[in-house]
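Undergrad: Got a predicted model here, sequence first, then my questions.
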Protein chains: 2
Amino acid sequence: MKTRAARAHHGSVSLTTVAEDTGVSISTVSRIVNGESGRASPETVARVEEAIARLGYRPNPVGRALRQRASRVVAMLSPNLDNPAMAAIAVSTEAALRAAGYVMILCDTHDRAELQDDYLQAMREQFVAGYVMVSAVRSRGLEETLRRGDPMVFVARHNPLGGGAYVGIDNRAAGADAADFMLARGIERPAVLMAAQNVSSTQERASGFIDRLVAHGIPDNAIRRASGPGLSHIEIGYAAAKALVQQGGWPEGALCVSDMIAYGAYRLAIESNVQIPQRCMLVGVDGNALNHWIAPWLTSIRIPYESFGGHVVAQLESLWSGEPTSEVRIPHEPPMVGLAQKATA
Amino acid sequence: MKTRAARAHHGSVSLTTVAEDTGVSISTVSRIVNGESGRASPETVARVEEAIARLGYRPNPVGRALRQRASRVVAMLSPNLDNPAMAAIAVSTEAALRAAGYVMILCDTHDRAELQDDYLQAMREQFVAGYVMVSAVRSRGLEETLRRGDPMVFVARHNPLGGGAYVGIDNRAAGADAADFMLARGIERPAVLMAAQNVSSTQERASGFIDRLVAHGIPDNAIRRASGPGLSHIEIGYAAAKALVQQGGWPEGALCVSDMIAYGAYRLAIESNVQIPQRCMLVGVDGNALNHWIAPWLTSIRIPYESFGGHVVAQLESLWSGEPTSEVRIPHEPPMVGLAQKATA
């Protein structure tokens, strides 16, 4: 891992080392490190970047932080602003940054690598003080930004390139809790609804769920899985539920790896006159605030997104002052049972 | 109105006029106009600002546009990112700006004047090319930004200081359509649920609704109104429904001036075992995408927020090129009937 190697060597490799290794002047290396490669030839840029990676050079974090701190703006890159969970993370982080004297800029990446890169470039031109990457995807711009050592905190989904400051829940444990909840209610053959393009966070929820069921003696091949294509979880939920039902009818219960997936499955249930939760108990993950008001049929493992913002700011402040950062795992809450579920209990 | 006066005088009052009137140098006036008042005394700033307002000075819009166009960033200031309608406006505007080569910054004002001013100041320091003000509130910073002639488009709620480029629906007509919808279904005594702190957009929906009912011979004092305090429409909806029911039981139908207010009222209905829409038909305004999936009980007058972005960008482009702007009224859609409503029809 480049990032880990860089961290290990930090302090021993300087701009001078890179300049000597490549035969390029210190000022040119400095400009390339700071992204001002306009005047250098592509060959020089490539040679310097290769040496930076190989030698594990990392810019002085304090000098960088002092320079960047002049800016009061932090950029959040997030997919799908119309997902209530993403909105909750944005609201919480905006409030915590504001309290710390910063202003948050929000960019909607639509979960797409090329848009993520467009925004990373635009935010860099605005000299933002740091980046909050919610559910980041692997991209060239992400790799470059990390290599420059720009302050960056990953939220909800791990850094797709590995390592880095992170704020999120223990997704495997959340999946396991959903399994326990169903087993305690006598549901012995629950199913899982998920996305076809699984990402680390939701994949971990599904495997935590399945592993716990298997640990309780349920054969792995008795646990039905269904998935749907695309990036919209609500549409994925509908398609996955449809596939599941076509294969073998409605299950007694299903883990939906996000509340949005549960919302999609619910639409199929009302179209089919299937009572939720009486006929099929849906258990989501997120605990969207909306559930209390209009989804009394849903049980959901609540993620306390309102507390994420404070941890994100603490991680940014560690990065700015050159202190080590770590993974912050915020405890999820026990399954929150909806009003309709309570009524039938 | 200062703004109108400024517009009328535009061209006849120059920096020189302001400098001569106040006895302050042209370069100092220019700096104050451009917000760099750091070196001038507060008295000088006050004198110059007074003269600018009195004389109706307005900075050259073309020169300003050319200078600002260097920036590819447009700021959207919006209340409550966790309101799906606000999220839909943000998603649509972000996509339209991106297609036009711009990047959108999103700032959450929480519907509060002091936060709106903080963000206006921060965005100004970022040299943004323009502002998209969603549901703006009256504030000192808004007044100053308008006086400087910075490109600004108001969305969903009119400029609280009057005038300006606007994109929204005809809210009175939407309210009237809700009245017709209820009357056609034999509901002769519908109620209205709204916010205690009404703003232009929702106030217009309520009065369009009431006026249409009165025009159909329903006595004004037979139309029950209830409201709730605060800024969260979902909590307002719950409180307003509670107040209404305590006064005189559930009505046969109610206009909820936003879908979020309908969501709040729905929670009271499920707590009270009142069937929606069978016992009480709730009609909202917004047509949130979520309704299709999880609110089959709701009829809603859909606002095509997905088309707002294109109009917002067109208005900004007019402002940038010094062309006149106007109010763009986007047609709302007929009431969209939920699945549960269809089933009982």
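TA: Cool, got the structure. Numbers count the residues shown, from 1 in each chain, chains lettered A, B, ... in the order given.
Undergrad: correct me, but A:Ser207 touches A:Arg172?
TA: Yes - because the distance of 6.6 Å satisfies Cβ atoms under 8 Å, A:Ser207 is recorded as touching A:Arg172. For the C-beta atoms, the positions are set from N, CA and C on the backbone; glycine is no exception.
Undergrad: Next one, pLDDT for the nearest residue to A:Leu193 once chain neighbours are set aside please.
TA: Excluding the flanking residues, the one nearest A:Leu193 by Cβ to Cβ, 6 or more residues apart in numbering or on different chains is A:Ala240, at 4.2 Å. A:Ala240 carries a pLDDT value of 98.
Undergrad: how about A:Ala240, what does it touch?
TA: Residues touching A:Ala240, when contacts are defined by Cβ atoms under 8 Å, 6 or more residues apart in numbering or on different chains, comprise A:193-195, A:226-228, A:261, A:264-265.
Undergrad: Which one of these is nearest to A:Arg140?
TA: Among those, A:Ala195 lies closest to A:Arg140 (Cβ to Cβ), at 23.7 Å.
Undergrad: show me what contacts the closest one?
TA: Listed by Cβ under 8 Å, 6+ apart, the contact partners of A:Ala195 are A:202, A:227-228, A:230-231, A:233, A:236, A:240, A:257, A:261.
Undergrad: Can I get the buried part of these as one PyMOL selection?
TA: For anyone working in PyMOL, the buried entries among the contacts of A:Ala195, judged by 16 or more other Cβ atoms under 10 Å in any protein chain shown, can be selected with:
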select buried, chain A and resi 202+227+228+233+236+240+257+261
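Undergrad: Out of the contacts of A:Ala195, which sit inside strands?
TA: Here DSSP state E is the test, and the contacts of A:Ala195 give A:227-228 as lying in strands.
Undergrad: Tell me the one among the contacts of A:Ala240 nearest to B:Gly338.
TA: Distance from B:Gly338 was checked for each of the contacts of A:Ala240 by Cβ to Cβ. The minimum falls on A:Gly264, at 16.2 Å.
Undergrad: From what I see, that closest one and A:Gly237 are in contact.
TA: Yes - between A:Gly264 and A:Gly237 there is a contact under Cβ under 8 Å: 2.4 Å.
Undergrad: list the residues that contact both of the two?
TA: Contacts common to A:Gly264 and A:Gly237, judged by Cβ under 8 Å, 6+ apart, are A:Gly228.
Undergrad: neighbour count winner among these two?
TA: A count of neighbours by other Cβ atoms under 10 Å in any protein chain shown puts A:Gly237 above the other of A:Gly264 and A:Gly237, at 32 against 26.
Undergrad: Return the residues in contact with the more buried one.
TA: Contact analysis of A:Gly237 by Cβ under 8 Å, 6+ apart lists A:193, A:228, A:256, A:260-267.
Undergrad: ditto for A:Ile52
TA: With contacts taken as Cβ under 8 Å, 6+ apart, A:Ile52 has the following neighbours: A:18, A:33, A:147.
Undergrad: so which of those residues is the most crowded?
TA: With neighbours set by other Cβ under 10 Å, the maximum within the contacts of A:Ile52 is found at A:Val18, which has 23 neighbours.
Undergrad: tell me the mean pLDDT over the helix or strand containing A:Glu144?
TA: Assignment of secondary structure by DSSP states H and E places A:Glu144 within helix A:140-147. Confidence over helix A:140-147 (mean pLDDT, whole number) is 94.
Undergrad: May I have the strands that pair with the next helix or strand after it, each with its orientation?
TA: Under the assignment DSSP H and E, the closest C-terminal helix or strand after helix A:140-147 is strand A:152-155. Each strand that strand A:152-155 pairs with, and the sense of that pairing, follows from DSSP bridges: strand A:130-134 (parallel), strand A:165-168 (parallel).
Undergrad: could you dump the shortest one to PDB, C-alpha only?
TA: Okay, so that is strand A:165-168. The C-alpha trace of strand A:165-168 is given here as PDB (Å, rounded to 0.1, in the frame of the first residue of the first chain):
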ATOM      1  CA  ALA A 165      -9.500   8.300   8.400                       C
ATOM      2  CA  TYR A 166     -12.900   6.800   8.700                       C
ATOM      3  CA  VAL A 167     -16.200   7.300  10.500                       C
ATOM      4  CA  GLY A 168     -18.900   4.700  10.300                       C
END
